[in-house]
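**Student:** one predicted model, sequence on top.
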Amino acid sequence: MVAVPLIVLMGITSANLMLQQNESHDRSVSITAHNLTSAADQVLTDLLNAETGVRGYAATRDPAFLAPYNLTLTRISAERRSLRESAVIEGAGRQQRAVDATTGKVLFELALLRSAISRGISDGGLRLVLQNGKTAMDLLRRQVADLASGPNTLVAIQRNNLTALQTRIELLDIVGLALGVLAGVAGVALFTSGIASRVGANAENARRLGEGQPLEPIIYAADEIGRVAESHLRAEELLASRAAELTTARDTAMKATQAKNSFLSSTSHELRTPLNSILGFTQLLQMSELSDEDSDGVQRILSAGRHLLALINELIDIARIESGDLSLSLEPVLARPLVEESGQLMAPIAAERSIRIIQHGAHPALTVYADRQRLSQVLVNLISNAIKYNHRGGTVTISCREEGTGQAIIMVSDTGPGLSPENLERIFIPFERLGAEQTAVEGTGIGLPLARALTEAMGGQLTASSVPGQGSAFTVSLPRAPDLVHVPAPGLAPASPAARPHPPAGGISILYIEDNPANVEVVTRFLRGRPDTRLRSEASGRAGIEYAARDMPDIILLDLHLPDLHGDQVLSELKAEPATAAIPVVVLSADASHGVIRRLLADGALAYLTKPIELAELGELLDTFAAAQAQHQQAQPATRIIPA
């Protein structure tokens, strides 16, 4: 089955090679003859062009007609040499020498004619020179024709030979193809009857094995194909065992994921709700008249509560990043203003330790692709660490610059004690504080891991470098965005307590829709210091909607988790009803999800304050609203306008 087709193939190949060798020889002879003919024709053509140009010059005395003649003079030497080489190969040396001699004579006659014209020879003398040139050119034509006659005949003969050889090669290929088909049919028949069916059965079992289907029974054999079939059976047993293990692991993982998602959805609200009461009443105590000792205790409670709130936020952020639930809004963000804002925010903390914050900003239009709030969170975290782990009187340097790789770099460096190379690799491990927990420096050990995770989620990279005894540097690298021009956002600045605006005539009325009495009590006590502000609370969403439609409060404070309706449904119904659509709604909720915040603001909420509520922030919002309300009432006293 193998030897006979192989012998036939070798014979056909040998014959084919011989024919191709003959064809190559004949083609080479034909090409040589063609080259000789082409070289002779080129010499004749150039001399004809030169003669035509000189005759035109003789008739018109215009030097422009001499261009072909001058071109021929520059090319004729190379063409005569090419003709000589082709004639040597072809064995036509005698004819070539005759052509070469006549070529020289023609060039001489043309040069003589040109010189005679330039000297202004008489018409009689000019006629004689023209006649001599024509005679030399006619002789050159005959000699070139004689030189080319032999090669032309040879080319025709070789063309016929090549045609015959190609016919034989094609015939041989057809015979070889026929023999190959016959041998292939015989081989296929033998292969199919003995091997292919078993190989096909094994292939089918391999496919079924890959798709997890049961295998088809195969007749056992002791050869290689039989061993493959046996391997398939063992693989089926192993895969069945592994599939059962994977199913169990998948079910366990799905339950864990569901539990984690449930934890994420409930942790924020469940932990923030009691913190709202703790921090709310603590802020109220802070606003009251206390002794120095009590004021210090209240401040400690407030600091501890805010520290616990920050820890909860960071833990939830890390869990969201790991589960892929973190919502980011990547957009062009100006780097320099954000760096300046972060430095100003941390300046009071740095001043307590006599630490200077130095900023080296790039050009004002330097822009990166990032989530502005999350990038600010990263920078504040890095600056806070640079202050905490610095020595008194040290410096923190914040710089931003552009790199040529399409990246923008923001670096925060300090003059602290620095880190050893082994500790530098551990600082991004969650809850790893490198022994700082034994000192008075506050921290949880998850700030840097969260900063790196947020940076990577924004498509960037956070790296660290340090020199022991000199300080550390943290570098945030983010994708570069097209330059933007910074334009300060318009708006009312929050009123300071000393310049708090007077409420409009009759004060402002507030409806607080909240089912938690402690939260209502915090806001109630906070508003007692504002005698011109009236507060009404409702514990359910439906009651709040009905009261708003009936009494038309100036502003509504809305919790999201209510016993009957969800807060977003309450907001939707308030905005859908013409009577209440213009009433501003401020959401107060323990749900700090950025997706929820963006959705409710897009649905018409005036603002979104997360619990635990910063009472100062709530007061600033109410002051701004009161100021806007008073301005509208002064402009149009007969019309009640609610700012949106």
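**Tutor:** That came through fine. Numbering: from 1, shown residues only.
**Student:** all strands of the stretch 451-600 of the chain, in order?
**Tutor:** Along the stretch 451-600 of the chain, counting by DSSP state E, counting those that start in this stretch, strands occupy 461-467, 471-481, 508-513, 533-538, 555-558, 585-589.
**Student:** the fourth one: partners in the sheet, and parallel or antiparallel?
**Tutor:** Strand 533-538 has these partner strands in its sheet, going by DSSP bridges: strand 508-513 (parallel).
**Student:** tell me the angle the partner strand makes with strand 585-589.
**Tutor:** Compare the direction of strand 508-513 with that of strand 585-589 by axes from the mean of the first three to the mean of the last three C-alpha atoms, to 10 degrees and you get 40 degrees.
**Student:** flag every buried residue along strand 508-513.
**Tutor:** Buried residues in strand 508-513, counting neighbours by 16 or more other C-beta atoms under 10 Å, are found at Ile508, Ile510, Leu511, Tyr512, Ile513. (C-beta placed from N, C-alpha, C; glycine too.)
**Student:** what's the most buried one of the strands of the stretch 451-600 of the chain?
**Tutor:** Counting by mean count of other C-beta atoms under 10 Å, strand 555-558 has the highest mean neighbour count of these, with a mean of 25.
**Student:** one step back: closest one to Ser118 among the strands of the stretch 451-600 of the chain?
**Tutor:** Ser118 lies closest to strand 471-481 among these, at 73.3 Å (C-beta to C-beta).
**Student:** how far away from the center of its chain is the closest one?
**Tutor:** Relative to its chain's centre, strand 471-481 lies at 19 Å (C-alpha atoms, centre = their mean, to the nearest Å).
**Student:** so that it lines up with my notes, have the first residue be 302 from now on.
**Tutor:** Yep, numbering from 302; the last one is strand 772-782 now.
**Student:** what helices and strands are in contact with that strand?
**Tutor:** Using 3 or more C-beta pairs under 8 Å, 6 or more residues apart in numbering; DSSP states H and E, the elements in contact with strand 772-782 are strand 668-671, helix 673-689, strand 696-704, strand 708-715, helix 748-758, strand 762-768.
**Student:** of all the ones you listed, which one is nearest Val407?
**Tutor:** strand 696-704 (73.2 Å).
**Student:** where in the stretch 302-451 of the chain is pLDDT low?
**Tutor:** Applying pLDDT under 70 to the stretch 302-451 of the chain flags the ranges 302-307, 309-310, 317, 320-321, 323-324, 326-327, 330, 391, 423-426, 451.
**Student:** can you give me the helices for it?
**Tutor:** 304-361, 368-391, 394-420, 424-492 (DSSP state H, counting those that start in this stretch).
**Student:** a markdown table for these, including mean neighbour count and distance to Leu646?
**Tutor:** Shown next, in a markdown table, are the helices of the stretch 302-451 of the chain (neighbours: other C-beta atoms under 10 Å; distance: least, C-beta to C-beta, whole Å):
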| stretch | mean neighbour count | distance to Leu646 |
| --- | --- | --- |
| helix 304-361 | 16 | 84 |
| helix 368-391 | 16 | 82 |
| helix 394-420 | 17 | 95 |
| helix 424-492 | 14 | 80 |
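**Student:** would you list the ones you listed in a markdown table and tack on distance to Leu922?
**Tutor:** Listed next are the helices of the stretch 302-451 of the chain as a markdown table, based on distance: least, C-beta to C-beta, whole Å:
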| stretch | distance to Leu922 |
| --- | --- |
| helix 304-361 | 92 |
| helix 368-391 | 92 |
| helix 394-420 | 104 |
| helix 424-492 | 86 |
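**Student:** related to what we said a few turns ago, out of the buried residues of strand 809-814, who's nearest Gln932?
**Tutor:** Ile809 (13.4 Å).
**Student:** what sits closest to the closest one if chain neighbours are left out?
**Tutor:** Asp855 (4.2 Å; C-beta to C-beta, 6 or more residues apart in numbering).
**Student:** and for Met647?
**Tutor:** Excluding its sequence neighbours, the residue lying closest to Met647 (C-beta to C-beta, 6+ apart) is Ile684, at 4.6 Å.
**Student:** check Asn691 too.
**Tutor:** Gly717 is the one closest to Asn691 (C-beta to C-beta, 6+ apart), at 4.4 Å.
**Student:** low-confidence ranges, the stretch 652-801 of the chain, go.
**Tutor:** In the predicted model of the stretch 652-801 of the chain, residues 663, 734-746, 786-801 satisfy pLDDT under 70.
**Student:** now the end-to-end length of stretch 693-707.
**Tutor:** Start-to-end span of stretch 693-707 (C-alpha to C-alpha, to the nearest Å) is 37 Å.
**Student:** what comes up buried for that stretch?
**Tutor:** Those would be Gly695, Thr696, Val697, Thr698, Ile699, Ser700, Cys701, Glu703, for stretch 693-707 by 16+ other C-beta under 10 Å.
**Student:** contacts only, for the second one.
**Tutor:** Residues in contact with Thr696, defined by C-beta atoms under 8 Å, 6 or more residues apart in numbering, are Ile656, Arg657, Ile658, Ile659, Asp715, Thr716.
**Student:** since we're on the last one, how many residues are nearby?
**Tutor:** Translated: Thr716. Residues near Thr716, counting by other C-beta atoms under 10 Å, number 19.
**Student:** distance check, it against Arg702.
**Tutor:** Going from Thr716 to Arg702 by C-beta to C-beta, to the nearest Å gives 20 Å.
**Student:** which outside residues touch stretch 415-432?
**Tutor:** Val355, Arg356, Tyr358, Ala359, Arg362, Leu367, Tyr370, Glu410, Leu413, Leu414.
**Student:** and the furthest pair within those residues?
**Tutor:** That would be Arg362 and Glu410, which, of the contacts of stretch 415-432, are the farthest apart (C-beta to C-beta) at 19.0 Å.
**Student:** as JSON lines, the contacts of stretch 415-432 with distance to Ser773 would be great.
**Tutor:** Shown next, in JSON lines, are these (distance: C-beta to C-beta, whole Å):
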{"residue": "Val355", "distance to Ser773": "90"}
{"residue": "Arg356", "distance to Ser773": "93"}
{"residue": "Tyr358", "distance to Ser773": "90"}
{"residue": "Ala359", "distance to Ser773": "95"}
{"residue": "Arg362", "distance to Ser773": "93"}
{"residue": "Leu367", "distance to Ser773": "85"}
{"residue": "Tyr370", "distance to Ser773": "85"}
{"residue": "Glu410", "distance to Ser773": "95"}
{"residue": "Leu413", "distance to Ser773": "96"}
{"residue": "Leu414", "distance to Ser773": "95"}
